[in-house]
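# Model the structure of this input:
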Amino acid sequence: MSMGPVADPVSEDRLLDGRVLLRQPAAGYRAAIDPVLLAAAAPAAAGDSVADLGCGAGAAFLCLAARVEAVHTVGLDVDPQAVALARANIQRNGLSARAAVAASDIADPPDWVVPCSFDQAICNPPFLERGRVTLSVDPGRRQSDVEGSADLDAWIAAAHRLLRPKGWLTLIHRADRVDAVCARLAGRFGGVEIVPIWPKAGAAARRVIVRARKGVRSPARLGPGLVLHRDDGAFTAAATAILRGGAALDDALATAGD
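So this is what the prediction gives:
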């Protein structure tokens, strides 16, 4: 079935060593390793329902569906081109029976995206606060990098509305905004786990994975972190297991020898 024309040039890419086929914009924002790490970090089990907030072309939920059997995913995104690409990617990866995308603001999903019905929510929200950075001339990169009408609090509130009690939120963000993330989780989520992502051993973390559960009261913890690169620039064994092998983050950290 035709999904309609896509206005801007697209590229044909592969993730997880070719297990995921990804059609995405040829310019502007392009999925790199962040959505793959996000998918690997989500503690989803077979049969879980997953909401991907700001799904873009679908990289994160496609990787999650490739790893976890029988998860059902719903992506939300306001960008019509991203939605068209995500729908095409669902078909190309044979996931039409367990994945759907809504052209929707995260704060105002359609009626069929039911509040308090999801086991998992994942998101890669814009990293930068509006008013504190120079905006990119590329509209796609502006939308992906800089908060718009939905700030960080709105992203976390949207996940809270969609999740069941004790449902999991997993997000990836800049390490220098982890305090802002934790402040906005307070009162909504507990059991917060922060997983630092280091570019190489001995370097400061640039990204963090944050996992939390709706309505629980468990204390926060700092989890084992992931080192991406060895000194020679190659990926570590743990990073390779995730980015190429499609391993779960926790499994990769537990078994890798780096």
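# rest of the way, CA atoms for contacts and neighbours
Fine.
# Next one: residue 205 from residue 225, what distance?
Separation of residue 205 from residue 225 (C-alpha to C-alpha, to the nearest Å) stands at 9 Å.
# shared neighbours of those two, anything?
196-198 (C-alpha atoms under 8 Å, 6 or more residues apart in numbering).
# Show me which of these is closest to residue 101.
When the shared contacts of residue 205 and residue 225 are compared for distance to residue 101 (C-alpha to C-alpha), residue 197 wins out at 28.9 Å.
# which SSE is the closest one in?
Taking DSSP states H and E as the definition, residue 197 sits inside strand 189-200.
# helices and strands around that strand, which ones?
Counting contacts by 3 or more C-alpha pairs under 8 Å, 6 or more residues apart in numbering; DSSP states H and E, strand 189-200 is packed against strand 207-214, strand 221-222, strand 226-229.
# now these as JSON lines including mean neighbour count and mean pLDDT?
As requested, those are exported to JSON lines (neighbours: other C-alpha atoms under 10 Å; pLDDT from 0 to 100):
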{"stretch": "strand 207-214", "mean neighbour count": "23", "mean pLDDT": "98"}
{"stretch": "strand 221-222", "mean neighbour count": "11", "mean pLDDT": "96"}
{"stretch": "strand 226-229", "mean neighbour count": "22", "mean pLDDT": "98"}
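# Quick one: those as CSV, columns for distance to residue 76 too.
Output for these, formatted as CSV (distance: least, C-alpha to C-alpha, whole Å):
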stretch, distance to residue 76
strand 207-214, 20
strand 221-222, 30
strand 226-229, 28
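# Low-confidence regions, the stretch 1-150 of the chain specifically.
Scanning the stretch 1-150 of the chain for pLDDT under 70 picks out the ranges 1-7, 128-150.
# All the helices of it, residue numbers only.
Using DSSP state H, counting those that start in this stretch, the helices assigned to the stretch 1-150 of the chain run over residues 34-41, 59-67, 80-92, 139-145.
# so where does the most far-flung residue of the chain relative to its centre fall, helix or strand?
Taking C-alpha atoms, centre = their mean, the residue of the chain most remote from its mean C-alpha position is residue 232, at 28.0 Å. If you go by DSSP H and E, residue 232 is not part of any helix or strand.
# Check the gap between it and residue 105 for me.
Distance from residue 232 to residue 105, by C-alpha to C-alpha: 42 Å.
# just residue 84 next, same as before
15 Å.
# quick one: which of these two has more around it?
residue 84 (20 against 17; other C-alpha atoms under 10 Å).
# Residue 76 versus that one, what's the distance?
Distance of residue 84 to residue 76, computed by C-alpha to C-alpha: 12 Å.
# Not counting residues beside it along the chain, what's closest to residue 35?
Once flanking residues are discounted, residue 35 sits nearest to residue 60: 4.6 Å by C-alpha to C-alpha, 6 or more residues apart in numbering.
# Let me see the contact set for that neighbour.
35-36, 38-39, 52.
# Top of the residues you listed by number of neighbours, please.
Neighbour tally across these (other C-alpha under 10 Å): the maximum, 31 neighbours, falls on residue 39.
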